[in-house]
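Visitor: pasting a predicted model and its sequence here:
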Amino acid sequence: MDNVDAINNGGCMIACPVEGYKRNMVRSAISMKADKVILLSNEKSCANLLNGFGLNTDTMEISKDDISAIISSVIQVISEAKKEHDEVCVVLSPSNPVITIGVYVAACMEKVKIYTIISEFQAEHLPLPVFPFVTINEIETLILAKIIENGEISKKRLSKKMEKVENEGVTCSRPDSKEASVLRNMQRMLIKLEKNGLVRKKRSSKHFVWSSTSFGNLVVDHNFAHEKI
């Protein structure tokens, strides 16, 4: 098979079965020497086909129209697969574009290899680049989590709440910092989160209030999940 590297011993291939590409998926798994295949669908015919070739296969049903739910589900699948396998890769087949984009984003966030089938009749693949997704530090993650917890919150109220956060001594600023300095520091971090598409602001009366975006929710869930691993 062209352009496909074998994954390490104990490797896992994750894919979404698509009619017309099932045998191609079998070739992919065999060529990559996958120890296990996880199908992102409970559709049985592809699983039976893979099992028939002696490939250990699991199935996992995911949403087909809610991209946030797809990303969250696939992140969980990849994260669990990483615990059990030396290497994990994702193979994208032509399918519902919402599913394809969601699976791709999840793979990028988890930093695993991504391949895409480019021919219905040949088992050739092109490795796709894994775009770096936003990385935020512990304090920024805590700020984003507080915003999510409150739904909408002003910068001043957020600063007060962050002063009370006790996370192994981590705070937004020194205990003796003046309020104006604390607010400036908070504003700087909020602007960074906004530029990265994690939060948005809107005017409420005389002040702005901040809320999380769907992407912000995903990033916080992802970061906290990895802290528990």
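Guide: Structure received.
Visitor: please make it C-alpha for all contacts and neighbour counts, starting now.
Guide: Noted.
Visitor: please enumerate the helices of the chain.
Guide: 22-31, 44-52, 67-84, 97-110, 138-150, 155-163, 179-195, 214-228 (DSSP state H).
Visitor: okay, buried residues for the longest one please.
Guide: Judged by neighbour count (16 or more other Cα atoms under 10 Å), helix 67-84 contains these buried residues: 67-68, 70-79, 81-82.
Visitor: by contact count, what packs against that helix?
Guide: Packing partners of helix 67-84 (3 or more Cα pairs under 8 Å, 6 or more residues apart in numbering; DSSP states H and E): strand 88-92, helix 97-110, helix 214-228.
Visitor: what's the pLDDT at the residue lying closest to residue 67 once chain neighbours are set aside?
Guide: Of all residues beyond its chain neighbours, the one nearest residue 67 is residue 102 (5.4 Å), with distances taken as Cα to Cα, 6 or more residues apart in numbering. Here, the pLDDT recorded for residue 102 equals 91.
Visitor: residue 102 touches residue 70, doesn't it?
Guide: Yes - judged on Cα atoms under 8 Å, residue 102 makes contact with residue 70 at a distance of 5.5 Å.
Visitor: domain map for this structure?
Guide: 12-128, 138-228 (automatic domain parsing).
Visitor: the ones you listed: lowest mean pLDDT?
Guide: domain 138-228 has the lowest average pLDDT among the domains of the chain, namely a mean of 80.
Visitor: among the helices and strands packed on helix 67-84, which is the most enclosed?
Guide: strand 88-92 (a mean of 24; mean count of other Cα atoms under 10 Å).
Visitor: now it, how far from the chain's geometric center?
Guide: Relative to its chain's centre, strand 88-92 lies at 13 Å (Cα atoms, centre = their mean, to the nearest Å).
Visitor: could you export it as CSV, CA atoms only?
Guide: Output of strand 88-92 as CSV, limited to C-alpha atoms (Å, rounded to 0.1, in the frame of the first residue of the first chain):
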residue,chain,number,x,y,z
VAL,A,88,-3.3,5.2,17.5
CYS,A,89,-4.2,6.5,14.1
VAL,A,90,-7.4,7.7,12.4
VAL,A,91,-8.4,6.9,8.9
LEU,A,92,-10.9,9.2,7.2
